[in-house]
Structure formats: C-alpha cells, structure tokens
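Q: This is a predicted model, with the sequence first.
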Amino acid sequence: MKTHVGITSVLRRYRVGALSACLLAGCSASAPGLRDSDAMLAGTTRFDAARFAGDWVARVCLGPCAASVRFSVTPAGAVLVSDADGERAYRQDGPGILRALDGGEVLVVMWVDEGFRTAAIGTASGDRAAIVSRERAGGADRVEAARQVLEFNGWDIGKLRDVKA
C-alpha cells in the first residue's frame, strides 16, 4: 500500500506551534545562502526520540554533513547523535527541538514521515540541513515531501547536494 504525503497536509502540521518552536530554537542568522533567516523554523510535533532512535543515512544535504548518523536515547532521556565527527548529547527543548547539552547547537527535526523512515533536519543557526532516511534508496515521495518542508522552513533547496556513501 502506497501512502501519498501531500504538501498541504505537511504544511498544515507546521502552523501549530511554529512560532514557539522558532523561539525555542533561538532562531538566528543563517550561513550565507543556505537559509533565509526571516523564515520561521519549526520542529515537528510528531518527533518521538525513541522512534527516531537508530541508524539514518543522509540522502541530500546543505552545508557539511556526515554520510550516516545514529540517534539513541540515554536512560536519563538525553538524545545522543553519533556520526563521523563523534558523539554529541542533546536534550529535547520542544517539539522536534534538540538543544546540545554543552549549550552549543540547536538541531531541529522539521519533519518525519509517519513511519519514521525519512526526516528533514537542520540547525537553528542555518549552517547545515539534511534529508535523512533509514535506507540509501527508495522513498522518492518522502524525500520530495522533506524537500518541500526544507523549502517552507527557508532553506535554499536549489543548493541541496547528493550524499555518497
């Protein structure tokens, strides 16, 4: 059974809490050319750290990104993000908003499909974003929905580049 994800339904989900998510994320100026800093940046209310846990591969990205990333949850509830650059710990500050425990970056999960197979993520600073998936190929409809979410959140999707394993 194929599920169609319409952009109208996706965008409708972002209206609720979009402003508060932006405020929680501490929206700031973006890296030149990657994101319009005047656009709202919203975390998804669908985010669930336990369901998000596991291995993801970057399909396309803006700015620097690792080819693969692992999310896990500690018994204390911290979200650990592990990639080629090491491991970072975050706390959930709001729907889809992950703030680094060291006070550094804020990672925003802008969208994840109902099956937690594809997601659009990026930093509140606007220096990087990616569409990640549980698999390296397939799910073209989900990747397209994630592209539209990135664009809605101010990212310049014309600058997305494919990520090779």
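A: Looks like it arrived, so ask away. Residues are numbered from 1 along each chain as shown.

Q: so Ala146 sits right up against Gly122, yeah?
A: No - Ala146 is beyond contact range of Gly122, at 10.7 Å (criterion: C-beta atoms under 8 Å). C-beta: built from backbone N, CA, C; applies to glycine.

Q: So which residue is dead centre in the protein?
A: Centroid-nearest residue in the chain: Ile121, 1.2 Å away (criterion: C-alpha atoms, centre = their mean).

Q: Check what contacts the strand or helix carrying that one and list those residues.
A: Using DSSP states H and E, the element containing Ile121 is strand 118-123. If you take C-beta atoms under 8 Å, 6 or more residues apart in numbering as the criterion, strand 118-123 is touched by 35, 41, 52, 56, 59, 62, 105-113, 128-134, 139, 142-143, 145-147, 149-150, 153, 155.

Q: which stretches of this structure form strands?
A: For the chain, the strands defined by DSSP state E occupy 54-62, 68-73, 79-83, 86-94, 97-100, 106-112, 118-123, 129-133, 161-162.

Q: and of those strands, who's closest to Thr45?
A: Taking C-beta to C-beta, strand 86-94 is the member of the strands of the chain nearest to Thr45, at 9.2 Å.

Q: tell me what that closest one is packed against?
A: helix 18-25, strand 79-83, strand 97-100 (3 or more C-beta pairs under 8 Å, 6 or more residues apart in numbering; DSSP states H and E).

Q: Show me what counts as buried in the longest helix seen in the chain.
A: Counting residues, the longest helix found in the chain (DSSP state H) is helix 140-152. Within helix 140-152, the residues scored as buried using 16 or more other C-beta atoms under 10 Å are 142-143, 145-152.
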